[in-house]
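S.K.: what's the 3D shape of this:
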Amino acid sequence: MAQDYAKRHSTVSPQQTEWPGWSWFIIGFVFGLFVAFIIFLWKEVPADENSDIAKPTADVIADKKDGEIKLGFYEIFPKNEVPIEEYTPEGKKVVVKQNYSYALQAGSFRNPADADRLRAKLILMGLQVIIQPVEQQDSVWHRVLVGPIDTRLELDRTRNRLAQANIVSIQLRMSQ
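M.R.: Okay, the predicted model is just below:
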């Protein structure tokens, strides 16, 4: 028998309808929340009270007093400077005195008014400041030096104070 191809017949039964897109979004969202909840419960499981891990008891905490803790770095830092020792031909120890000190160059300006302005700012910070004129290539530069500084510890502290004031410094070693 001849078939009429102009009229198309629906092969989809009423039972095979598709779900709308928003329903898949809701199903995925609920499934994600469920998985997140399971992971949360898994991470928050309290430890078993009968486990082998030793827990501090009130007796142990009471025995340890705050006054017993000794911190050694308070004593180490002031003794940070190590003197240079040399031996004479006879075998005696001689402590060599340093013939230099340190200074920090906080700036270098062609205009002496700019150097004075930085010097005033550093004096207000409580630092000892020197302006040193230096001739270079037919022009005079005015260096702003903080110092003299005798120890490395004092040098580091001064450098930190300058850094907190957003002043870049260069370390110089000067002979006495």
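
S.K.: Okay, helices next: where are they in the protein?
M.R.: Counting by DSSP state H, the chain has helices at residues 21-43, 58-63, 73-76, 112-124, 152-164.

S.K.: Columns mean pLDDT, distance to Ile170 and mean neighbour count on top of those helices, output as JSON lines?
M.R.: The way it works is simple: take the backbone N, C-alpha and C, and place the C-beta from them, glycine included. Converted to JSON lines, the helices of the chain look like this (pLDDT from 0 to 100; distance: least, CB to CB, whole Å; neighbours: other CB atoms under 10 Å):
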{"stretch": "helix 21-43", "mean pLDDT": "91", "distance to Ile170": "52", "mean neighbour count": "9"}
{"stretch": "helix 58-63", "mean pLDDT": "55", "distance to Ile170": "52", "mean neighbour count": "8"}
{"stretch": "helix 73-76", "mean pLDDT": "60", "distance to Ile170": "28", "mean neighbour count": "8"}
{"stretch": "helix 112-124", "mean pLDDT": "89", "distance to Ile170": "14", "mean neighbour count": "15"}
{"stretch": "helix 152-164", "mean pLDDT": "86", "distance to Ile170": "10", "mean neighbour count": "15"}
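
S.K.: Could you dump those helices into CSV and include distance to Val144?
M.R.: CSV is the format used below for the helices of the chain (distance: least, CB to CB, whole Å):
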stretch, distance to Val144
helix 21-43, 57
helix 58-63, 55
helix 73-76, 33
helix 112-124, 5
helix 152-164, 11
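
S.K.: Quick check: which of those helices is nearest to Tyr102?
M.R.: Of all the helices of the chain, helix 152-164 sits nearest to Tyr102, with 4.8 Å by CB to CB.

S.K.: and the angle for the closest one with helix 112-124?
M.R.: Computed by axes from the mean of the first three to the mean of the last three CA atoms, to 10 degrees, the angle separating helix 152-164 from helix 112-124 equals 120 degrees.

S.K.: one step back: so for Ala103, which of the helices of the chain sits nearest?
M.R.: helix 152-164 (8.9 Å).
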